[in-house]
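Peer 1: Structure of the sequence below:
(chains A and B)
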2 protein chains.
Amino acid sequence: MNFTRPALLLDKEKCIGNISFMAEKAKYHNLILRPHFKTHQSHTIGKWFRDFGTDKITVSSVSMAEYFAGDGWNDITIAFPFNINEIAASNQLAGKIKLQLTVCSAETLEFIDQNIRHQVGICIKTDTGYNRTGISWKDTGQIEKMLEIIINSRKLSFYGFIVHNGHTYKASDIEMIRSIHDESILALSTLRLKFGHIVPNMVLSTGDTPACSICENFKGIDEIRPGNYVFYDLTQFHLGSCKFPQIAVALAAPLVAKHYERLEIVIYGGAVHLSKEYLYIGDNKIFGQVVDLTASGWSDPLPGIFVTGLSQEHGIIKCDEEFFGRIKVGDFLGIIPVHSCLTADLMKSFVTTQGETADHLSSSNVKNLFTR
Amino acid sequence: MNFTRPALLLDKEKCIGNISFMAEKAKYHNLILRPHFKTHQSHTIGKWFRDFGTDKITVSSVSMAEYFAGDGWNDITIAFPFNINEIAASNQLAGKIKLQLTVCSAETLEFIDQNIRHQVGICIKTDTGYNRTGISWKDTGQIEKMLEIIINSRKLSFYGFIVHNGHTYKASDIEMIRSIHDESILALSTLRLKFGHIVPNMVLSTGDTPACSICENFKGIDEIRPGNYVFYDLTQFHLGSCKFPQIAVALAAPLVAKHYERLEIVIYGGAVHLSKEYLYIGDNKIFGQVVDLTASGWSDPLPGIFVTGLSQEHGIIKCDEEFFGRIKVGDFLGIIPVHSCLTADLMKSFVTTQGETADHLSSSNVKNLFTR
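Peer 2: The predicted structure follows:
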């Protein structure tokens, strides 16, 4: 491929492999797969899921729901605490598609009940230990109050309890991911025991990519909503969620300067391309790992060759002598991102290793419609 | 103002105040002001500089140069190591405007000399201690070799030595910023002494916002290229580059959930809005500081109220009891960003506190023209 500027490469075969893997896993465990589309935010990539039977999706904003509804997706859960300022846009969406909104409080629920003009499903965001947002699964008083509002409403129906265990991302090993996941699904199951008599058709839904990739216990769970697995990234690789060859995106970035005295090179590829998300490899804070670009994609990771510094447009890569010796100004290097969702959001489009392009919501104008 | 979604508020009066301050300072010190437009990346905001006499600008990519050339700017320095893959676009630009390219090596310089079709100015990127990129000011052998290539070329003319002292951002106090700056301008001055006889019209150019804001010694310097000062941000405030009321941008973000048990709130405003840039306030890693939005802008900083966690769309704010008690779901809060350049790049547009909108390169399609 002939690039002139940084571009986000997408290996379609790896991506389809990831989509297929999770579809098979969901089928095997008899789970609804409602993949989270916030990672790719792409009509093109969204269509690839359809070939594996996906017809229900998750998004994290009304903008994203609008974007995917615009491409024919008609069963969408917005898995983000409902923003009451977006009631008008939500009403428009609810008039067109099967929409589920997510709530964390009785107040918001009452607001929706009073202001929504169409049938919507309600997900109660449930906290089973992450402590970012949601109602604690132990707060059955609050949950009961919310279920009553739903049951007594003519517009609202109860979809289920949804949880996101983001703390799996802080796990030190796979056993800890399993343990977080197992505790969470047990907590969710107690909610079915407790409230099954009043909301018999509830969906128990869990989400994070590490647990959905690694775990095999989904006892009592009805639905999974992983997102990042469509691409994976360095973070997932180091957590053990994927193998390196499953990572489906790499930033192609040109080398613009070589500094012999410190074996460092500078790429045109910075915080506005990769994002400032980092991880620690030993004591080293890194922003990406380097691969060689090949005719059909990219190589295995180059051991120890990382992006060690990032400013707005500059990336700094610390090299060993072998690597430094064989690269030259103008070469494009591949950078495996630390967090593929943020890199995709910044890059605003994809180029497949076959040379096709794929869209991203960020390059559309939907996201910018912020005023009433 | 009536927002429904996160929006980047711009206080035009503060912004104009910052533009005016630096224009006055440059005039007082008899310096060429060539402001770096990578912070705002906006045609609208760019026009405001014209009222203060600015007709020369700095950018950090060919994309940005194309964007601003498209709005009538005709003297542009691309202060980023030249990417040889962009020779075609650079030729187009050089045919239209007075263009300066930046080089870090004789190899790149030779490539430009052989492939450029129009007159271009050459800046030698000079390293006086930051160690990110550029030729060390002590490496006079390499500099002489590069100057010879320029002198012997029919297309190239020498613009000058340009330095960016990004290490001022790591300074622990104002004295350290002054000391970095003073050492750097002394180093640049030795280059004039050394090479003035062969390139008598050289421009000595320095850039960083902390030094340009704080320092009064510009002895021997011809040009300054600060950028961030147009908005400033929390990082600059904590460095001492600005006072809080000079910060000209704030993210307006709606409150979507309140968690009484831990006095935390969740806003719709995450890494895709603010960026993951952080700083430490004491032992606390923070991603923004909260202000109250007012009819005409925003308040002083709310002491101790910071964005303490960020995921893709969620921001977590740790509150005190007073603040927690007086805010409710649906309210818009103001968040002063840690790094305004990255927040602006993510938000893709501005809304002034008077309700006007301003563009940003990221919402145009220029940035996406990455293939030949």
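Peer 1: Closest residue of the stretch 101-250 of chain A to chain B?
Peer 2: Closest contact between the stretch 101-250 of chain A and chain B, by C-beta to the nearest C-beta, is at A:Cys104 (4.1 Å). Glycine gets a C-beta too; all of them are placed from N, C-alpha and C.
Peer 1: and the nearest residue to that residue once chain neighbours are set aside, what is it in contact with?
Peer 2: Nearest in space to A:Cys104, with sequence neighbours left out and distances taken as C-beta to C-beta, 6 or more residues apart in numbering or on different chains, is B:Ala257 at 4.1 Å. Residues in contact with B:Ala257, defined by C-beta atoms under 8 Å, 6 or more residues apart in numbering or on different chains, are A:Pro81, A:Cys104, A:Ser105, A:Thr108, A:Lys125, A:Thr133, A:Gly134, B:Ile265, B:Val266, B:Val329.
Peer 1: Neighbour count and secondary structure for these - can I get that in TSV?
Peer 2: Shown next, in TSV, are the contacts of B:Ala257 (neighbours: other C-beta atoms under 10 Å in any protein chain shown; DSSP: H, G, I helix; E, B strand; the rest coil):
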residue	neighbour count	secondary structure
A:Pro81	26	strand
A:Cys104	25	coil
A:Ser105	23	coil
A:Thr108	23	helix
A:Lys125	22	strand
A:Thr133	24	coil
A:Gly134	26	coil
B:Ile265	26	strand
B:Val266	27	strand
B:Val329	22	coil
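Peer 1: For A:Leu24, grab the count of nearby residues.
Peer 2: Wrong residue type there; residue A:24 is Glu, not Leu. For A:Glu24, the count of nearby residues is 12 (other C-beta atoms under 10 Å in any protein chain shown).
Peer 1: what does A:His339 give?
Peer 2: Neighbour number of A:His339 under other C-beta under 10 Å is 27.
Peer 1: Need the phi and psi values for it.
Peer 2: When quoted as degrees, to the nearest 10, the phi and psi of A:His339 stand at phi -140, psi 100.
Peer 1: That one touches A:Phe237, doesn't it?
Peer 2: No - when contacts are counted by C-beta atoms under 8 Å, A:His339 is not listed as touching A:Phe237 (11.7 Å).
Peer 1: Determine the set of other helices and strands touching the host helix or strand of A:Ala344.
Peer 2: Counting by DSSP states H and E, the element that carries A:Ala344 is helix A:340-347. Applying 3 or more C-beta pairs under 8 Å, 6 or more residues apart in numbering or on different chains; DSSP states H and E, we find helix A:340-347 packed against strand A:7-10, strand A:249-259, helix A:271-274, helix B:271-274, helix B:340-347.
Peer 1: export the helix or strand just after it as CSV, just CAs?
Peer 2: Sequence-wise, the next helix or strand downstream of helix A:340-347 (DSSP H and E) is strand A:349-352. C-alpha atoms of strand A:349-352 as CSV (Å, rounded to 0.1, in the frame of the first residue of the first chain):
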residue,chain,number,x,y,z
SER,A,349,-11.2,5.7,9.3
PHE,A,350,-9.6,2.3,8.5
VAL,A,351,-7.7,1.0,5.5
THR,A,352,-7.8,-2.8,5.2
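Peer 1: got a list of contacts for strand A:349-352?
Peer 2: Strand A:349-352 has contacts (C-beta under 8 Å, 6+ apart) with A:1, A:3, A:7-12, A:40, A:42, A:44-45, A:249, A:252, A:344, A:357-360, A:363, B:368, B:370-371.
Peer 1: now for the lengthiest helix in chain A, which elements pack on it?
Peer 2: Of all segments of type helix in chain A, defined using DSSP state H, the longest is helix A:174-195. Other elements packing on helix A:174-195 under the criterion 3+ C-beta pairs under 8 Å, 6+ apart are strand A:120-127, helix A:140-151, strand A:203-206, helix A:209-214.
Peer 1: who touches stretch A:51-62?
Peer 2: Applying C-beta under 8 Å, 6+ apart, the contact partners of stretch A:51-62 are A:19-20, A:23, A:32-38, A:46, A:49, A:65, A:68, A:73-80, A:83, A:86, A:89-90, A:93, A:207, A:225, A:227, B:5, B:268, B:312-313.
Peer 1: re earlier: what about burial for the contacts of strand A:349-352, which qualify?
Peer 2: Buried residues within those, counting neighbours by 16 or more other C-beta atoms under 10 Å in any protein chain shown: A:3, A:7-12, A:40, A:42, A:44-45, A:249, A:252, A:344, A:358-360, A:363, B:368, B:370.
Peer 1: coming back round to it: any idea of the angle the longest helix of chain A forms with helix A:140-151?
Peer 2: Here the directions of helix A:174-195 and helix A:140-151 differ by 60 degrees (axes from the mean of the first three to the mean of the last three C-alpha atoms, to 10 degrees).
Peer 1: contact partners of helix A:174-195?
Peer 2: If you take C-beta under 8 Å, 6+ apart as the criterion, helix A:174-195 is touched by A:126, A:128-129, A:137, A:140, A:143-144, A:147, A:161, A:163, A:165, A:167-168, A:171, A:202, A:204, A:206, A:210-211, A:214-215, A:217-221, A:239-240.
Peer 1: still on that earlier bit, may I see the helices and strands packed on helix A:340-347 arranged in TSV, with distance to B:Val290 as well?
Peer 2: Listed next are these as TSV, based on distance: least, C-beta to C-beta, whole Å:
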stretch	distance to B:Val290
strand A:7-10	33
strand A:249-259	33
helix A:271-274	23
helix B:271-274	12
helix B:340-347	15
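Peer 1: Which residues of the stretch 201-350 of chain A lie near chain B?
Peer 2: For the stretch 201-350 of chain A, the residues in contact with chain B (C-beta under 8 Å from any C-beta of the partner chain) are A:254, A:256-259, A:261-262, A:266, A:268, A:271-272, A:275-277, A:309, A:311-314, A:316, A:328-330, A:332, A:341-342, A:345-346, A:348-349.
Peer 1: What subset of those residues is buried?
Peer 2: Buried by 16+ other C-beta under 10 Å: A:254, A:256-259, A:266, A:268, A:271-272, A:275-277, A:309, A:311-314, A:316, A:329-330, A:332, A:341-342, A:345-346, A:348-349, out of these.
Peer 1: quick one: the helices in chain A?
Peer 2: Taking DSSP H to define them, one finds helices in chain A at A:12-28, A:43-50, A:62-69, A:87-94, A:106-115, A:140-151, A:174-195, A:209-214, A:234-239, A:271-274, A:321-326, A:340-347.
Peer 1: Mean pLDDT and distance to A:Ile286 for those - can I get that in TSV?
Peer 2: What follows is these, written out as TSV (pLDDT from 0 to 100; distance: least, C-beta to C-beta, whole Å):
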stretch	mean pLDDT	distance to A:Ile286
helix A:12-28	98	22
helix A:43-50	98	27
helix A:62-69	97	29
helix A:87-94	98	39
helix A:106-115	98	40
helix A:140-151	98	42
helix A:174-195	96	21
helix A:209-214	97	19
helix A:234-239	98	8
helix A:271-274	98	11
helix A:321-326	98	15
helix A:340-347	98	14
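Peer 1: Quick check: which of those is nearest to B:Gln114?
Peer 2: Counting by C-beta to C-beta, B:Gln114 lies closest to helix A:321-326 out of these; the figure is 23.3 Å.
Peer 1: distance between that closest one and the chain's centre?
Peer 2: Its chain's C-alpha centre lies 35 Å from the corresponding centre of helix A:321-326 when counted by C-alpha atoms, centre = their mean, to the nearest Å.
Peer 1: what comes up buried for it?
Peer 2: A:Phe323, A:Phe324.
Peer 1: and if you look at stretch A:130-143?
Peer 2: Residues A:Tyr130, A:Asn131, A:Arg132, A:Thr133, A:Gly134, A:Ile135, A:Ser136, A:Trp137, A:Ile143 are the ones in stretch A:130-143 that count as buried (16+ other C-beta under 10 Å).
Peer 1: Tell me who's in contact with the closest residue to A:Phe218 other than its chain neighbours.
Peer 2: Nearest residue to A:Phe218, sequence neighbours excluded (C-beta to C-beta, 6+ apart): A:His29, at 4.6 Å. Residues in contact with A:His29 (C-beta under 8 Å, 6+ apart) are A:Glu216, A:Phe218, A:Ile221.
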